[in-house]
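Engineer: One predicted model, sequence on top.
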Amino acid sequence: MTSTSPASDHVLLVDDDRDIRDLVSAYLQKNGLRVTTAPTGRHMRQLLETAGPFDLVILDLMLPGEDGLTLCRDLRAGKFKTTPIIMLTARGDETDRVLGLEMGADDYMPKPFAARELLARIKSVLRRTRMLPPNMRSSEEARFLAFGEWRLDTVERVLLDQDGVMVSLSGAEYRLLRVLVDHPQKVLSRDQILSITQGREAELFERSIDLMISRLRKCLNDDAREPRYIKTVRSEGYVFAAQVEAQDV
């Protein structure tokens, strides 16, 4: 089902619970959003191709067939990788929240939730996405981001060295490195990094930013005492010091 209001943001709600689909879509439409609903991942894939474009996807974790984590990962690896995602779940396990965010979700809401809070999250995610600097938005079009002797493959989400040898990254490591290479020569505070990468669940990762920076430096063979790539700016945050070039092949 789709509402009709061409000037408003278009949201795709994927949830197998019909009551939730009906109640949430009615509330969001009442508050000025266009809403299309889907009960399964298969329906979601069809709608992405035929009913879009969508400004944001709300994705339930516990779906029949392909679950929300699998769908989120696939969205982030394909042509819809820039579409913001908010994940819903009946689970309260922190592990699920971490997994959802590492798979690429922009925010996370456990069920039951108030429709008003979901609307606030939608507005916040859309606002953050649209506030990203131009160089971050444009680089989304290129598959590879090259710097020094490295290339970051934005489809496979891995690092490649000069010989094409692959270095695997966790979801959190990739998202952090992506923020850094999308903002070269710009000092980013921890708060800015967290805001871009994790949204309202940022408190889960606040203590791990420094640890992930250390892990990324090891992946890049970057000496923490004299780094070439990720430099620490005392009392301010981090800066990606290398020049970055977008490449299609």
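Structural biologist: Arrived safely, thanks for sending.
Engineer: And the residue nearest the centre of the protein?
Structural biologist: When C-alpha atoms, centre = their mean is applied to the chain, the residue found nearest the centroid is Gly104 (3.9 Å).
Engineer: Assign a three-state SS to that one, would you?
Structural biologist: Of the three states, Gly104 takes coil under DSSP: H, G, I helix; E, B strand; the rest coil.
Engineer: Roughly how far does it sit from Gln243?
Structural biologist: Using C-beta to C-beta, to the nearest Å, one gets 26 Å for the distance from Gly104 to Gln243. For the C-beta atoms, the positions are set from N, CA and C on the backbone; glycine is no exception.
Engineer: same deal with Ser124?
Structural biologist: 32 Å.
Engineer: neighbour count winner among those two?
Structural biologist: Ser124 (16 against 10; other C-beta atoms under 10 Å).
Engineer: In this structure the more buried one contacts Asp107, no?
Structural biologist: Yes: between Ser124 and Asp107 there is a contact under C-beta atoms under 8 Å: 7.4 Å.
Engineer: how about the strands in the protein?
Structural biologist: 10-14, 34-38, 56-60, 85-89, 107-110, 144-147, 150-153, 158-160, 166-168, 230-233, 237-240, 245-247 (DSSP state E).
Engineer: pLDDT of stretch 216-235, averaged?
Structural biologist: Stretch 216-235 shows a mean pLDDT of 91.
Engineer: before we move on, back to that, distance to Asp74 and mean neighbour count added to the strands of the chain, as CSV?
Structural biologist: Formatted as CSV, those follow (distance: least, C-beta to C-beta, whole Å; neighbours: other C-beta atoms under 10 Å):
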stretch, distance to Asp74, mean neighbour count
strand 10-14, 12, 24
strand 34-38, 14, 22
strand 56-60, 11, 25
strand 85-89, 11, 24
strand 107-110, 18, 20
strand 144-147, 20, 18
strand 150-153, 16, 20
strand 158-160, 16, 17
strand 166-168, 18, 12
strand 230-233, 29, 15
strand 237-240, 28, 20
strand 245-247, 23, 14
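Engineer: looking at those, which is closest to Gln192?
Structural biologist: strand 237-240 (7.1 Å; C-beta to C-beta).
Engineer: Lovely, talk soon.
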